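In: Quick one, fold the following:
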Amino acid sequence: MTATAPRGDGRLAIEFISVLGLRPVEFVHLARDLGCAQIGLALNPLVNSPDNYQPWSLRDDAALRRETLAALRETGVSISQGEGFIVAAGADIADAARDMDLLCELGAPRVNILSIDPDRGRSFDQFAEFARMAAERGLCATLEFMPGLTVPDLPTALAALDHVRQDHFRLLIDTLHLARSGGSAADLAALSPDRIGYAQLCDAPLAPTISNYGEEASHHRLAPGEGELPLRAILEALPRDIVIGLETPRLDLAQAGVEPHQRLSAGVDRTRQMLAALEA
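Out: Have a look, this model is predicted:
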C-alpha cells in the first residue's frame, strides 16, 4: 500500500548531500519524519561521510534498490532529481545510460549534470547528448554551474543552454554557486522563467570563510537564516512552480555526533516559512 505523502510544502525537497552519505532507506524515512515529500538522490555517496556511515551503492546492490523503492512507496516520499552525472575529459556521457535507467526505475523525474572537462566546446556537446538521453526516457534535465568548474557562472550556463537548444534542458540555480560566482537575484529575475528548472537553497556568509570553494560547497553550507545571502530576493526571482531543494551539508556537525534530523530540522522549518511567505 502506498502511504499518503508527507504534509508540508510540496515544492520542498531535501538534497542528497545534505545527509552526507546516509543510506537511502534511512534518508527516505528522515524526509518523511521532517514532513518533506521529496528528496534528491544519487546512486552512491558523492561527498565525504561521517566515519560511522557504511559505503553503499544503488548501482551495484539490487536488494538496496528494492528496499529503497519499498521505502518510497511506504512513506509517500518521491525523488525530486537524480544526481551524479559529470562530464569528464576522456569519458563519454553516453556511458552513463545505465545510471540514468536506474534512476528512472527509482522514479526520478529529472537528472542533473555538471562538467569538470576543461574543454568547454566538448562539454557543451556532451550536455546536448545528456539532454537527448534524458528526453528519450521522458526526463527533464538540468545544468548546474559552479565556480571553478567548466561552467562557472550564470552567463556560461546560459551559453550552454543556447548551444543545446532543447526545451527540457534547463538551469539548476544553487544559491551558494550563484552568490560565489557574482550572480544576483536581479540576474535571475531578468531570465525567462522557462530557463530555470530547479533550485538548491542554502545560506552562507557574504564573504567566504573557507578558502577552498569545493570544500565549502560540499561540506560547510549553512541553513537558511544562519548566513547573509539574500535568499528572500532569490526565491522571489525564481519560478513559483519549481522544486526548492534544501542543500545544507555540515560535515563538522555530523562528525561531532549531531544526528541528521537535528542538523536539518531548523533549516526545513525556515525554508517552509520562506516559501509560505512568498505566497502570502
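
In: Just give me the longest strand of the chain.
Out: strand 78-87 (DSSP state E).

In: helices and strands around that strand, which ones?
Out: strand 38-41, helix 97-105, strand 110-115, helix 120-136 (3 or more C-beta pairs under 8 Å, 6 or more residues apart in numbering; DSSP states H and E). (C-beta placed from N, C-alpha, C; glycine too.)

In: can you pull out the helices in the stretch 151-280 of the chain?
Out: Secondary structure of the stretch 151-280 of the chain, counting by DSSP state H, counting those that start in this stretch: helices at 154-164, 175-180, 185-189, 213-219, 231-237, 251-255, 260-279.

In: Tell me who's in contact with the closest residue in space to residue 131 that isn't next to it in sequence.
Out: Nearest residue to residue 131, sequence neighbours excluded (C-beta to C-beta, 6 or more residues apart in numbering): residue 169, at 4.0 Å. Counting by C-beta atoms under 8 Å, 6 or more residues apart in numbering, residue 169 touches 127, 130-131, 134, 140-143, 161.

In: Ok, residue 97 next?
Out: Counting by C-beta under 8 Å, 6+ apart, residue 97 has contacts residue 133.

In: From the opening residue of stretch 174-187 to its closing one, how far?
Out: One end of stretch 174-187 to the other measures 13 Å (C-alpha to C-alpha, to the nearest Å).

In: meant to ask about stretch 218-237
Out: Stretch 218-237 stretches 25 Å from its first residue to its last (C-alpha to C-alpha).

In: just stretch 80-100 next, same as before
Out: Terminal residues of stretch 80-100 lie 14 Å apart, using C-alpha to C-alpha.

In: Likewise for stretch 82-95?
Out: Using C-alpha to C-alpha, the two ends of stretch 82-95 sit 16 Å apart.

In: got the buried residues for that stretch?
Out: 82-87, 93 (16 or more other C-beta atoms under 10 Å).
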